[in-house]
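**Q** got a sequence here, can you build the structure:
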Amino acid sequence: MGVVRLLAVLLIIPSLLACATRHTEAPRLLAADGSLRKTHYQGEFVADDGVKIRFTVFQPALRPGERAPLLLQTNPFGLWRLSGPHTPISHVLTSGDVLRDAWEAGYCVVSFDQRGHGDSGDIMHIADPRKEARDVAQMIDWAVANLAVAQRDGDPLVGMVGESLGAGVQLVASVSDPRIDALVPIAPWYDLERTLAPNRVPKSGWLTLLVLAGNTLADYDSRLNGAYLKARGGDIEPWVLAYFDDHDVGWFCERGRAPHADVLVLQGFRDVLFPVNEGLDIHACLARAGRDARFIGVDGGHLLPGAQRSPGWVPGWHIEDTLACDGRTQRTRDVIMAWFDGKLRGQPGKLAQVPRFCLTGDAGVDAAGAPPPATEFVLPRVHVGSGASGLVEWAARPLEHAGNWFVRNDAADWQRARDGWLRPARMPLLRADRALWVAGVPRATFTVDNTDREQPVLFVQVAAWRPGSGSYRVLSEQVTPLRGNGTVSTELAAVRGRIAPGEVVGLLVRGYQNQYRFSGSGWGTDASLSGRVQLPLADATGPRPAGAATAQEVVTSAPGAAGTSR
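**A** Numbers count the residues shown, from 1 in each chain. This next block holds a predicted model:
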């Protein structure tokens, strides 16, 4: 059903936007007394290479001689700019809410189509610093020359907000343009290569949707179609990696060239396209560079239709309307506006409304301004005997819950490691003796052996089992693929989960995962897995530090496997 809804949205949105983007001439704005009236209108500029970039200006009401900060917004992948205050898509995107609030509050707001999208020319280059990022600089040039943009010491006051592709381009643009003062990237990426093909395993579920959107809703580089088909088969062409080299902020951060702007990052824990790892790395990069870098972990983000449920009416995307941080709940749009008011309007009191670091919503956990420290565990050795392990979970888990009414699973059962055949293998690590948080980026070193395949692919998830519940829950719906034999050291996808007393925490390992539908190693996968993992743990019941006798470690294991120990 999720895929059907997505296709319906993909077909309907272009017609809705086409009705909303009728081009008009810029109105006569200046009144006789020198004031400016509130209105919006369409415009365009011609980029250095001759490409037309279309945009919409939201002109606020200004008194004679008054000037206002400039706020730029641009489109996510496959969508268009916000060509009016009530364009249908503007009520889906958080940036649409912020755009209307900023316009009402007296900001000069401009929303523009990136290359290959909407009414702008060319094909998309996906945050190319020579194309899309250069267009951002020229958009600022146009706005400063034609709008009543406020300045501080001769420098225009400029902010940017946007989701996904609109988040990524602002970070790259800020590397080369110091005029951008404040950013709010929502679900951005840090390293495209890493996030689209972690451990050289392409995210075929999301890549399929991106290719579909790129070919139907935008002007897409057709060379990427062939590259996508090869990637599904496990072959990532070198030219593709080179193509995306400097299209992400990570490339610049690793060369000592951080963005100039201060940044408030919003990243979703259920986001299986750009996980929280990406936002934490962006936050760390800008913090090292001395910027005011803040981070808020939310629940949503990019949600894969058919594999994840979206709380909203649009499949594939959701950012919650409220944020619970620092012991208080605020509207997401209000927090973002407080950030811009503090940075662009010189209202430092507003910045007190903006959390500095919010990972769990638990003030005791977040007070450190970083994920909690990690505790290391030795993994029990398990065997995955079929590439189909995990394929039938859609049916097996409900049956497991139902069977629990007759034969209840207790703690001793969940504390035993199990090999995986049709079901995932399980590697229990600890049984909580009180409430805990698992929050942050686990890191692991695995040994993959006992396989007849040169490049086996396995999928690892952090999970929790509650005695008496009948089955498990995967934390944050995140999964990390492993590829190859021998030693594999890797970050796991970031997770956030509150663990109740008595729950067992561990890893699930499977040969099939529906987020990677076309990226498995085949039905014949046969491999063993062992190693060590570091889990970021925090006590959720008091000030006691993580790692200080916070849990009872599991000591039982699969038949013939080594037991776990500290």
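**Q** shaky segments in the chain?
**A** The chain contains residues with pLDDT under 70 at 1-32, 233-234, 387, 411, 518-524, 542-566.
**Q** ok, longest strand in it?
**A** Criterion DSSP state E: the longest strand present in the chain is strand 527-539.
**Q** what is that one packed up against?
**A** Under the contact definition 3 or more CB pairs under 8 Å, 6 or more residues apart in numbering; DSSP states H and E, strand 527-539 sits against strand 374-384, strand 425-432, strand 436-440, strand 443-449, strand 457-465, strand 504-510. Where C-beta positions appear, they are placed from N, C-alpha and C, glycine not excepted.
**Q** quick one, domains of this protein?
**A** What automatic domain parsing lists as the domains of the chain is 2-358, 374-553.
**Q** give the buried residues for the longest strand of the chain.
**A** 527-531, 533-539 (16 or more other CB atoms under 10 Å).
**Q** off-centre distance for that strand?
**A** Relative to the centre of its chain, strand 527-539 is centred 23 Å away, using CA atoms, centre = their mean, to the nearest Å.
**Q** also stretch 153-164?
**A** How far stretch 153-164 lies from its chain's middle: 21 Å, per CA atoms, centre = their mean.
**Q** swap in stretch 445-455?
**A** Its chain's average C-alpha position is 30 Å from that of stretch 445-455, according to CA atoms, centre = their mean.
**Q** swap in stretch 386-395?
**A** The answer for stretch 386-395 is 27 Å, by CA atoms, centre = their mean.
**Q** from start to finish, how long is that stretch in a straight line?
**A** Taking CA to CA, to the nearest Å, stretch 386-395 runs 17 Å from one end to the other.
**Q** what do you get for stretch 124-139?
**A** Start-to-end, stretch 124-139 (CA to CA) is 17 Å.
**Q** mind listing residues that contact it?
**A** For stretch 124-139, contacts defined as CB atoms under 8 Å, 6 or more residues apart in numbering pick out 45, 47-49, 51, 53, 55, 72, 74, 77, 110, 112, 114-117, 122, 160, 165, 168-170, 172-173, 175-177, 179-180, 192, 214, 218-221, 244, 246-248.
**Q** now swap in stretch 535-542 and tell me
**A** Contacts for stretch 535-542 (CB under 8 Å, 6+ apart): 360, 362, 364-365, 371-375, 377, 429-430, 434-442, 462, 498-499, 505, 545-548, 550-551.
**Q** before we move on, what about stretch 142-151?
**A** 36, 43, 45, 57, 59, 62, 66-70, 72, 108, 110, 156-158, 344.
**Q** same question for stretch 310-325.
**A** Residues from elsewhere that reach stretch 310-325 (CB under 8 Å, 6+ apart): 2-3, 5-6, 9, 76, 92, 94, 163, 186-187, 209, 266, 268, 296, 298-305, 329-333, 335, 355, 358, 361, 366.
**Q** could you pull out the helices for the stretch 101-250 of the chain?
**A** 132-146, 165-176, 192-196, 204-216, 223-232, 238-243, 249-253 (DSSP state H, counting those that start in this stretch).
**Q** so N75 is in contact with G166, correct?
**A** Yes. Assessed by CB atoms under 8 Å, N75 is found in contact with G166 at 5.6 Å.
**Q** who touches both of those two?
**A** Listed as contacting both N75 and G166 by CB under 8 Å, 6+ apart are Q114.
**Q** which among the contacts of stretch 535-542 end up buried?
**A** Among the contacts of stretch 535-542, the ones that count as buried by 16+ other CB under 10 Å are 360, 362, 365, 371-372, 374-375, 377, 429-430, 435-442, 462, 498-499, 505, 546-547, 550-551.
**Q** can you give me the end-to-end span of stretch 303-316?
**A** Distance across stretch 303-316, first residue to last, is 4 Å (CA to CA).
**Q** wait, I meant stretch 324-332
**A** Stretch 324-332 has an end-to-end distance of 9 Å (CA to CA).
**Q** now do stretch 160-179
**A** End-to-end span of stretch 160-179 (CA to CA): 11 Å.
**Q** same check, this time on stretch 196-213
**A** In stretch 196-213, first residue to last residue: 16 Å (CA to CA).
**Q** starting at the chain centroid, how far to it?
**A** Put simply, stretch 196-213 sits 14 Å off its chain's centre (CA atoms, centre = their mean).
**Q** hmm, who's touching it?
**A** 6, 10, 77-78, 195, 220, 224-225, 228, 231-232, 234, 236, 272-273, 302, 304-307, 316, 457, 480-484, 488, 490, 493, 514-519.
**Q** next, count neighbours for L229.
**A** Other residues near L229 number 12, with proximity taken as other CB atoms under 10 Å.
**Q** and it, how far from R223?
**A** Counting by CB to CB, to the nearest Å, the gap from L229 to R223 is 11 Å.
**Q** can you check V298 too?
**A** Distance, V298 to R223, by CB to CB: 34 Å.
**Q** what about those two, which has more around it?
**A** Neighbour totals were compared for V298 and R223, and V298 leads with 27 against 13 (other CB under 10 Å).
**Q** which among the contacts of stretch 196-213 count as buried?
**A** Among the contacts of stretch 196-213, those buried by neighbour count (16+ other CB under 10 Å) are 6, 10, 77-78, 195, 220, 224, 228, 231-232, 234, 236, 272-273, 302, 304-307, 316, 457, 480-484, 488, 490, 493, 514-517, 519.
**Q** which ones among the residues you listed lie within strands?
**A** In strands, defined here by DSSP E, the members of these are 302, 457, 480-483, 488, 490.
**Q** can you put those in JSON lines and add distance to E393?
**A** Shown next, in JSON lines, are those (distance: CB to CB, whole Å):
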{"residue": "H302", "distance to E393": "22"}
{"residue": "V457", "distance to E393": "17"}
{"residue": "T480", "distance to E393": "17"}
{"residue": "P481", "distance to E393": "16"}
{"residue": "L482", "distance to E393": "18"}
{"residue": "R483", "distance to E393": "21"}
{"residue": "V488", "distance to E393": "23"}
{"residue": "T490", "distance to E393": "23"}
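**Q** can you pick out the most distant pair from those residues?
**A** Farthest pair in those (CB to CB) is H302 and V488. Separation: 25.3 Å.
**Q** contacting residues around K230?
**A** 236-237.
**Q** distance of the closest residue to P481 other than its chain neighbours from R423?
**A** The shortest distance from P481 to any non-neighbouring residue, by CB to CB, 6 or more residues apart in numbering, is to V201 (3.7 Å). As judged by CB to CB, V201 and R423 stand 21 Å apart.
**Q** lovely, talk soon.
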